[in-house]
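**Student:** below are the sequence and a predicted model for it; my questions follow.
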Amino acid sequence: MFDAGLVNNAQALLLLLRERGFKMASVESCTSGLIAGLMTSIAGASDVFERGWVTYSNDAKVQEVGVPPALIVAHGAVSQQVAQAMAEGALKNAPVDVAVSVTGIAGPGGGSVDKPVGMVCLAVARCGHPSIVETQHFSGTRDEIRQQSVARALQLLAELARR
């Protein structure tokens with residue numbers, strides 16, 4: 001179901017989080033639960049993976065993890081500000097140490113000049129540390145953009161966990 005490289009990266013991330021005694025959560029929009037699915041496809045992940053939200057709609061982002069509606073109005077659902085609020089909202093709404101969020105435009109439609117297909121905003125948050133937030137511009141099919149988003153999310157989580 002998942003690329004062997006992604007599974008290997010997820011296994012390494014689980015080991016790192018386990019060694020640090022961290023629990024994690026994911027808040028996903030354009031990846032629609034792929035991070036949660038990947039992490040929990042590995043036996044024994046339950047001691048690290050606490051929960052995940054698929055917040056595909058703006059209402060879900062607001063209701064489930066507390067993204068302020070004004071952020072969505074001001075910056076759009078696909079923005080670094082909303083990605084950061086999603087990840088930090090997970091920390092506030094779950095007993096976890098680290099959280100990752102992804103919001104973007106996977107295509108093939110839905111893009112604009114300002115926010116083209118392949119634009120993905122990611123954030124990782126950790127209790128007591130500054131969040132890491134970034135925008136990537138991936139290319140390829142919808143599935144390829146989503147897979148690249150998951151891969152980058154795992155990298156960011158590992159980077160934050162090592163701090």
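**Tutor:** Good, I have the coordinates. Residues are numbered from 1 along each chain as shown.

**Student:** let me see the contact set for C121.
**Tutor:** V78, S79, Q80, V82, A83, V102, T103, G104, V133, E134, T135, Q136 (Cβ atoms under 8 Å, 6 or more residues apart in numbering). No exception for glycine: its C-beta is placed from N, CA and C like everyone else's.

**Student:** sort out for me which of those residues are in helices.
**Tutor:** Taking DSSP state H, the ones among the contacts of C121 that sit in helices are Q80, V82, A83.

**Student:** follow-up on the earlier one: how about the contacts of C121 in JSON lines, adding pLDDT?
**Tutor:** Putting the contacts of C121 into JSON lines (pLDDT from 0 to 100) gives the following:
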{"residue": "V78", "pLDDT": "98"}
{"residue": "S79", "pLDDT": "98"}
{"residue": "Q80", "pLDDT": "98"}
{"residue": "V82", "pLDDT": "98"}
{"residue": "A83", "pLDDT": "99"}
{"residue": "V102", "pLDDT": "98"}
{"residue": "T103", "pLDDT": "98"}
{"residue": "G104", "pLDDT": "98"}
{"residue": "V133", "pLDDT": "98"}
{"residue": "E134", "pLDDT": "98"}
{"residue": "T135", "pLDDT": "98"}
{"residue": "Q136", "pLDDT": "98"}
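
**Student:** can you flag the buried ones in these?
**Tutor:** V78, S79, Q80, V82, A83, V102, T103, G104, V133, Q136 (16 or more other Cβ atoms under 10 Å).
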